[in-house]
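*Asks:* Fold the following and give me the result.
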Amino acid sequence: MNTVLAAPASGASFTQGLGAVGLSSLAAAGFIVLIIAIRNRSKITRKYFDDRRYLAGLAAVTGVLFIIAGGTWRMLALGIHGTAASTLTDPNLVAGASPAGMALILTTLAFLPEWQRRIPPAFFGLGAGVAWGLAGALWGILFKVIGSMLEKLA
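*Replies:* Residues are numbered from 1 along each chain as shown. As a prediction, this is how the structure comes out:
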């Protein structure tokens, strides 16, 4: 029997060239890239993520990806966000912060300080990505835009 390979349909997009990757696989890949970027041992990560703000951005996108992937990834993201939020909502620091306020605080901590180490911007960036989805309003729009772009890849 002869098998004929047909050209992709005209509605096919570039992202379909990756095949059925799935959101969980994208979350795993994002997590691996984030760990490699935090360690800063690769030439590629030193080139693109040497600036801590880019590292925080990668972490935020990874946090969004964790939430939309669901399952264990969502639980991991909510745990990291809970840890970041609980350290900031101490009554002596920021008592009674709303979800939108927490998103603002985590985003500020991820992107504005000149961090000497690589862990804090990654930690706060991951928490910020999760907080954007929980906060709604403008933060929710940012979350949905990033999430829909990532879902197109899956």
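*Asks:* in the chain, which helix or strand is least confident?
*Replies:* The weakest-scoring helix or strand in the chain, judged by mean pLDDT, DSSP states H and E, is helix 137-153 (a mean of 77).
*Asks:* by contact count, what packs against that one?
*Replies:* helix 23-39, helix 52-69, helix 99-111, helix 119-135 (3 or more C-beta pairs under 8 Å, 6 or more residues apart in numbering; DSSP states H and E). In this view, the C-beta of every residue, glycine as well, is placed from N, C-alpha and C.
*Asks:* List the contacts of the shortest one.
*Replies:* Residues outside helix 99-111 that contact it (C-beta atoms under 8 Å, 6 or more residues apart in numbering): 53, 56-57, 59-60, 84-85, 88-89, 94, 97, 120-121, 124-125, 127-128, 131-132, 134-137, 139.
*Asks:* Could I get the average pLDDT for it?
*Replies:* In this model, helix 99-111 has a mean pLDDT of 88.
*Asks:* distance between that helix and the chain's centre?
*Replies:* 14 Å (C-alpha atoms, centre = their mean, to the nearest Å).
*Asks:* With the longest one instead?
*Replies:* A distance of 2 Å separates the C-alpha centroid of helix 52-69 from that of its chain, computed with C-alpha atoms, centre = their mean.
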